[in-house]
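> Structure, please.
(one chain, ligands or ions: 1)
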Amino acid sequence: MYIRMKHKYSLIVRNNNIAIYDADKDNICYRMKLSDIRVIELLERLRMPLYLNDETEQDTTLIKGLLSKYLSDYFEEVDRDSYLNECIRNNKINRFHDLYKNGYDLNGQALMALVRKVLYMNRFVFIGFEQLPEYYGVYHYKIQTDEEVIEFNSNDIYIINIAKVSWTWMKKFEKLSLRSGAIRLYVRENNRYLQIGPTLNDHDFGCLFCDRRLENLYVETELFDELSPIGSALLEMELIKICRCMIEATIEDITISNGKFFVLDKYTMEAKQEDKIIDVNCKLCGGIDDEL
Ligand SMILES: [Zn+2]
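Predicted structure coming up:
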């Protein structure tokens, strides 16, 4: 029997208290105070997916009792594949916590609950990508072309491969993004350079066209249609960090792309970051350009 917590919930165990956070309602939907150390330990373990056949008979009885008595709404029985996917998802959450915990104003379990919320609520829409590495499977994502209509949704985050879209398309896309307050991240890569960013959030950093450098920078050789393995890996590390609720919870900016861009010179392996320039007189984000 494989058990996992439903994706919209997170379990937070602190001292003798347990709380269940509901990502849809953005509140704590259940609280319980406990004194039995053994039960608290078991609850801690329920933060991970469990395969009950691996547990002792005594633990299995206790877990089943806890689930049916108090927690039946929040957990579900799943098949082996879903269980294995859930283990990968949990590893992702734990790894994120281990790498970036110092960057957030939250204690460990609350940070993990926030990452769970991102994986549950946010969808990543990749435009100009053919396919993504298998490890992107922990995300809720969609690949689409520049010809498909974009239905702007506040929980969607757009990742655009500059190589596969035209500047005219990007102008139109920026205009629509500004209108709907979207988060969008631009990437491109060629033989020598990998560029991740800028990530633009609503009007916060202006638009892509305020910074004229971005049109010609690092493009002396033809762009790759697809990101290299290192490009995909660096992009993947950025996805959770640029979600709105994560940005709001940071103590210091730990992104490589939020309002700035990161460029890796693959010949010398030198990396640098540049702030994106905002042009206050920009026609596009200043709303003066009516043609589009
Ligand atoms: Zn602009």
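> Spit out the contact partners of the residue positioned nearest the centre of the chain.
By Cα atoms, centre = their mean, the chain has its centre lying nearest to Ile240, at 2.5 Å. By Cβ atoms under 8 Å, 6 or more residues apart in numbering, Ile240 lies in contact with Phe96, Val115, Val118, Leu119, Met246. Backbone N, C-alpha and C define where each C-beta goes, glycine included.
> Nearest residue to it in space, please, no chain neighbours.
Nearest non-adjacent residue to Ile240, counting by Cβ to Cβ, 6 or more residues apart in numbering: Val118, 5.4 Å away.
> what about that neighbour, distance to the ion?
Shown here: Val118 relative to the ion, a distance of 28 Å by Cβ to the ion, to the nearest Å.
> secondary structure class for that residue?
The three-state assignment at Val118 reads helix, by DSSP: H, G, I helix; E, B strand; the rest coil.
> hey, C-alpha coordinates of the helix-or-strand element of the chain with minimal mean pLDDT in CSV?
Lowest mean confidence among the helices and strands of the chain (mean pLDDT, DSSP states H and E): helix 213-216, at a mean of 75. Output in CSV follows, covering the C-alpha atoms of helix 213-216 (Å, rounded to 0.1, in the frame of the first residue of the first chain):
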residue,chain,number,x,y,z
ARG,A,213,21.5,45.6,-25.3
LEU,A,214,19.4,42.5,-25.1
GLU,A,215,18.7,42.6,-28.9
ASN,A,216,22.2,42.2,-30.0
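> That one vs the ion: in contact?
No. Using Cβ under 5 Å from the ion, helix 213-216 stays clear of the ion, coming no nearer than 10.7 Å.
> List the buried residues in that helix.
Buried residues in helix 213-216, counted by 16 or more other Cβ atoms under 10 Å: Leu214.
> starting at the chain centroid, how far to that helix?
Put simply, helix 213-216 sits 27 Å off its chain's centre (Cα atoms, centre = their mean, to the nearest Å).
> Strands of the stretch 1-150 of the chain, residue ranges please.
2-5, 9-14, 17-22, 27-33, 50-51, 75-78, 123-127, 140-144 (DSSP state E, counting those that start in this stretch).
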